[in-house]
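[1] Fold the stuff below for me.
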Amino acid sequence: MVHTSQRKPFFDYNSFGTATEAEKDNLKMIRGIGPFIEERLHALDIYTFRQISQFTAQDIMTINDAIEYFSGRIERDDWVAQARELVHSKDKRTGN
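    This next block holds a predicted model:
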């Protein structure tokens with residue numbers, strides 16, 4: 001089994017952007033993301049609602065594969081739509 005962080009080179013970060021741990025959001029606010037999945041996403045350098053809100057269909061397939069567990073959860077729980085709402089709320093609060 002390939003460790004989650006070793007799968008990073010397979011991602012097209014241009015499609016959903018990059019972020020650092022210092023910028024991280026509480027991804028557990030998205031239904032379907034608990035501590036375990038949040039840790040796996042962090043291992044892939046996915047830290048923000050904005051990144052998740054920009055996932056493409058290809059990104060979702062690649063990330064589902066990299067997470068290894070809970071296949072299909074991204075679509076089933078509609079992480080992208082939830083993340084968009086959270087980005088919108090965050091932008092309103094910060095005036096962006």
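
[2] Buried residues of the helix or strand containing residue 39, list them for me.
    Per DSSP states H and E, residue 39 falls inside helix 35-43. Across helix 35-43, burial judged by 16 or more other C-beta atoms under 10 Å covers 37-38, 40-41, 43. Any C-beta I mention is one placed from the backbone N, CA and C, and that applies to glycine too.

[3] Quick one: mean pLDDT over it.
    Over the span of helix 35-43, the pLDDT mean works out to 94.

[4] now swap in stretch 67-79 and tell me
    Rounded mean pLDDT across stretch 67-79 is 88.

[5] Could you tell me how far the next helix or strand along the chain from the helix holding residue 39 lies from the centre of the chain?
    The helix or strand immediately downstream of helix 35-43 is helix 49-53, counting by DSSP H and E. Here the centre of helix 49-53 is set off from its chain's centre by 6 Å, with C-alpha atoms, centre = their mean, to the nearest Å.

[6] What of stretch 54-71?
    9 Å.

[7] What of stretch 35-44?
    Distance of stretch 35-44 from the chain centroid (C-alpha atoms, centre = their mean) equals 9 Å.

[8] Please consider this matter closed, and thank you.
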